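**Student:** need a structure here:
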Amino acid sequence: MEVAAAPPPPPAAGGISATTATGVLSRVRNAILAGSRWRRAVTSMVFGALTAAAFAPLHAWFVLIPAFIVLYWLAAGARSVGSAAAAGWWFGLGHFAAGLYWVANALMTFPERFGWLAPFAVLGLAALLALFPALAAAVTRATRTSGIGGVLVFAGMWTASEWLRAYAFTGFPWNLVGSAWAFSAPMIQIAGLVGTYGLGLVTVVAAAMPAVLADGRGHRRFVAVAIACGALVAVWAGGAWRLSDADPGVVDGVHFRLVQPAIDQRLKWKRELRREHVLGQTRLALTPAERPPTHVIWSETAAPAMLSAEPELVALISSSTPADGVSVVGTLRRTPAGEALRIWNSLAAIDATGRFVGGYDKAHLVPFGEYVPFRSILGLAKVTAGATDFSAGPGVTTLRLPGLPPVSPLICYEVIFPAQVVDRQDRPSWLLNLTNDGWYGISAGPYQHLAAARMRAVEEGLPLVRVANNGISAIIDAYGRTVVSLGLGKRGIVDGPLPKAVPTPTPYGRLGDWIVGLLIIAALAAGIGMGSVRQT
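**Tutor:** Predicted structure coming up:
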């Protein structure tokens with residue numbers, strides 16, 4: 001493909017450095033666009049893979065700048081919509097394969113059964129998810145906008161594709177661009193207003209805007225870059241101001257103990273070890289402390305059995321339950337004998353007498369982990385123990401347990417879905433996330449999971465208590481700040497209070513994705529309205 005080089009900008013006093021910068025960017029852009037089809041594909045994939053460093057645990061957010069500049073050039077400068085879609089797909093392949101490499105660890109837990117699937121699972125998942133960046137790039141090219149307006153369209157479509165990814169194919173909004181800032185409490189405060197998607201929109205605009213400098217040294221372009229970068233500074237400053245007097249306090253009479261047993265996933269479901277696993281966790285729960293806990297929280301499937309059919313295990317759990325509190329335990333639940341077999345991934349609240357006083361069934365199931373879509377066609381077994389697919393629970397609910405404010409329970413990756421973690425008609429006072437994370441070993445996966453959970457706390461203005469089998473367990477306040485935590489791979493307990501929710505629900509907590517939709521529409525409208533339309 002022939003690409004005409006941009007004309008050199010006119011000389012200006014004091015503009016030598018600016019002229020040099022635009023010249024360099026112009027040459028780099030032209031070299032990328034003039035490459036062969038496969039060279040452009042490899043370039044896009046490499047820069048897509050680079051974005052993985054922006055997320056937990058590295059949080060090298062600055063890599064988003066060259067990555068989104070290159071993707072924007074490839075999309076806006078493509079010969080056709082199809083070529084732009086291809087560039088977006090290759091970018092997405094690198095982005096998701098590098099960011100989700102840890103999925104292979106789950107399959108390598110039992111290598112004799114699933115090891116051969118590991119590379120196919122990572123690349124297959126990445127190839128499917130890459131359809132979303134492909135859509136963003138294709139629409140960017142289809143609008144035929146360029147310059148500042150083109151960047152706004154590109155950022156709006158990237159955000160729209162992230163939102164769509166939260167719902168399509170059962171949804172998987174992992175590593176949303178906004179979560180790259182989860183390490184910075186001031187930066188993520190804006191999520192309470194516009195959600196993680198809105199923070200991501202601002203981030204993509206700022207990261208991609210320097211791409212327009214390749215078109216020339218026009219004053220308007222430098223102003224746009226300055227404004228885009230200044231927007232990130234304003235986000236940080238606004239967040240710092242919000243946090244300057246953010247002290248919501250704690251709920252009286254509630255002091256949690258989080259139990260993190262770090263049980264090896266290869267041993268967790270061995271029938272002969274069930275009692276030992278539960279006994280070990282009860283011993284952790286009974287660890288002496290200066291301030292005894294009022295409530296004990298265990299992780300997802302901490303009791304790897306049908307507790308309702310295991311009175312001995314229930315007795316062990318109740319023996320370590322505070323007298324006037326409860327132990328919340330991840331377990332399995334099944335239909336009564338005589339009924340068609342159905343199994344749920346659940347949590348159960350058990351009091352000191354061994355009575356079940358509350359429960360919740362996971363609603364958003366993991367494909368291939370908890371059920372196999374198109375099982376009869378694919379002929380595959382799920383990765384988790386047992387041959388029977390899990391059934392889905394009724395959905396988000398607000399649970400009321402003795403001695404605790406109303407809570408929204410979330411099991412495993414249910415916490416990664418923005419605007420899908422609370423019942424807005426019966427608003428809770430806090431979020432509870434039980435997870436395993438033992439499948440993913442010492443990898444980026446658990447850190448990324450924690451980052452998503454932190455974003456939900458800020459979005460909803462609610463504290464979040466997270467308990468993991470293998471880390472990272474934590475209590476996070478309603479502003480996304482970690483109160484206490486226990487690191488990845490560590491066995492032990494962590495005690496701490498329940499922070500209070502923000503005084504009034506956040507705008508995003510009230511309106512959810514309506515705000516995101518308005519932001520996307522505004523970005524697209526502004527971009528199309530101000531972008532120069534290229535001639536055929």
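**Student:** so how far is the longest strand anywhere in the chain off the chain centroid?
**Tutor:** Ordering each strand of the chain by length in residues (DSSP state E) puts strand 250-260 first. Relative to its chain's centre, strand 250-260 lies at 25 Å (Cα atoms, centre = their mean, to the nearest Å).
**Student:** would you mind splitting this structure into its domains for me?
**Tutor:** Domain assignment for the chain by automatic domain parsing gives 33-244+513-533, 250-502.
**Student:** now those in CSV, with distance to Arg27, mean neighbour count and mean pLDDT?
**Tutor:** C-beta coordinates here come from the backbone N, C-alpha and C atoms, glycine included. Below are those laid out as CSV (distance: least, Cβ to Cβ, whole Å; neighbours: other Cβ atoms under 10 Å; pLDDT from 0 to 100):
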stretch, distance to Arg27, mean neighbour count, mean pLDDT
domain 33-244+513-533, 8, 21, 94
domain 250-502, 35, 20, 93
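**Student:** okay if I get those as CSV plus distance to Ala21?
**Tutor:** Output for the domains of the chain, formatted as CSV (distance: least, Cβ to Cβ, whole Å):
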stretch, distance to Ala21
domain 33-244+513-533, 6
domain 250-502, 33
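**Student:** between those, which one is nearest to Leu25?
**Tutor:** For Leu25, the closest of the domains of the chain is domain 33-244+513-533, at 4.0 Å, according to Cβ to Cβ.
**Student:** regarding Val278, what is its secondary structure?
**Tutor:** Three-state call for Val278 (DSSP: H, G, I helix; E, B strand; the rest coil): helix.
**Student:** how much space between it and Ala285?
**Tutor:** According to Cβ to Cβ, to the nearest Å, Val278 and Ala285 sit 10 Å apart.
**Student:** over to Ala21?
**Tutor:** 60 Å.
**Student:** mind giving me the packing neighbours of the longest helix along the chain?
**Tutor:** In the chain, with assignment by DSSP state H, the single longest helix is helix 219-243. Under the contact criterion of 3 or more Cβ pairs under 8 Å, 6 or more residues apart in numbering; DSSP states H and E, helix 219-243 touches helix 147-165, helix 185-188, helix 191-208.
**Student:** so what touches it?
**Tutor:** Residues from elsewhere that reach helix 219-243, judged by Cβ atoms under 8 Å, 6 or more residues apart in numbering: 18, 147-148, 151, 184-190, 199, 202-203, 205-206, 209-210, 212-213, 215, 479, 481.
**Student:** again, but for stretch 34-50
**Tutor:** Contacts of stretch 34-50 with the rest of the structure, by Cβ under 8 Å, 6+ apart, involve 1-3, 32-33, 63, 66-67, 70-71, 74, 83, 86-88, 90-98, 133.
**Student:** quick one: contacts for the residue lying closest to Leu193 once chain neighbours are set aside?
**Tutor:** Among residues not flanking Leu193 along the chain, Pro507 sits closest, at 5.2 Å (Cβ to Cβ, 6 or more residues apart in numbering). Contact analysis of Pro507 by Cβ under 8 Å, 6+ apart lists Gly192, Leu193, Val194, Ile515.
**Student:** how about the helices in the stretch 251-400 of the chain?
**Tutor:** 265-268, 274-285, 311-319, 375-378 (DSSP state H, counting those that start in this stretch).
**Student:** er, the stretch 1-150 of the chain I mean
**Tutor:** Shown for the stretch 1-150 of the chain, the helices assigned by DSSP H, counting those that start in this stretch span residues 16-34, 37-50, 64-76, 81-99, 103-107, 111-114, 118-129, 131-142, 147-165.
**Student:** and the fourth one, what other elements does it pack with?
**Tutor:** Using 3+ Cβ pairs under 8 Å, 6+ apart as the contact definition, the elements that helix 81-99 packs against are helix 37-50, helix 64-76, helix 118-129, helix 131-142.
**Student:** could you check the angle helix 147-165 makes with the third one?
**Tutor:** Calculated by axes from the mean of the first three to the mean of the last three Cα atoms, to 10 degrees, helix 118-129 forms an angle of 120 degrees with helix 147-165.
**Student:** quick revisit: the longest strand of the chain pairs with which strands, parallel or anti?
**Tutor:** In the sheet, strand 250-260 lines up against strand 295-297 (parallel), strand 492-499 (antiparallel) (DSSP bridges).
**Student:** now render those strands as JSON lines, adding distance to Asn436.
**Tutor:** Formatted as JSON lines, these follow (distance: least, Cβ to Cβ, whole Å):
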{"stretch": "strand 295-297", "distance to Asn436": "14"}
{"stretch": "strand 492-499", "distance to Asn436": "17"}
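**Student:** in terms of contact, does Leu131 touch Gly92 like I think?
**Tutor:** Yes: contact criterion Cβ atoms under 8 Å: Leu131 and Gly92 qualify, at 7.2 Å.
**Student:** what about Gly249, neighbour count?
**Tutor:** When neighbours are defined as other Cβ atoms under 10 Å, Gly249 has 9 of them.
**Student:** need the helices of the stretch 1-150 of the chain in JSON lines with distance to Ala457, can you?
**Tutor:** Shown next, in JSON lines, are the helices of the stretch 1-150 of the chain (distance: least, Cβ to Cβ, whole Å):
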{"stretch": "helix 16-34", "distance to Ala457": "39"}
{"stretch": "helix 37-50", "distance to Ala457": "29"}
{"stretch": "helix 64-76", "distance to Ala457": "23"}
{"stretch": "helix 81-99", "distance to Ala457": "22"}
{"stretch": "helix 103-107", "distance to Ala457": "25"}
{"stretch": "helix 111-114", "distance to Ala457": "34"}
{"stretch": "helix 118-129", "distance to Ala457": "25"}
{"stretch": "helix 131-142", "distance to Ala457": "25"}
{"stretch": "helix 147-165", "distance to Ala457": "19"}
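**Student:** closest to Gly496 out of those?
**Tutor:** helix 103-107 (29.0 Å).
**Student:** who touches that closest one?
**Tutor:** 114-115, 117-119, 121-122, 125, 369, 383, 439-441, 443, 445.
**Student:** pull the contacting residues for Asn345.
**Tutor:** Glu300, Thr301, Gly330, Leu332, Asp361, Lys362, Leu365, Glu370, Phe390, Ile411, Cys412.
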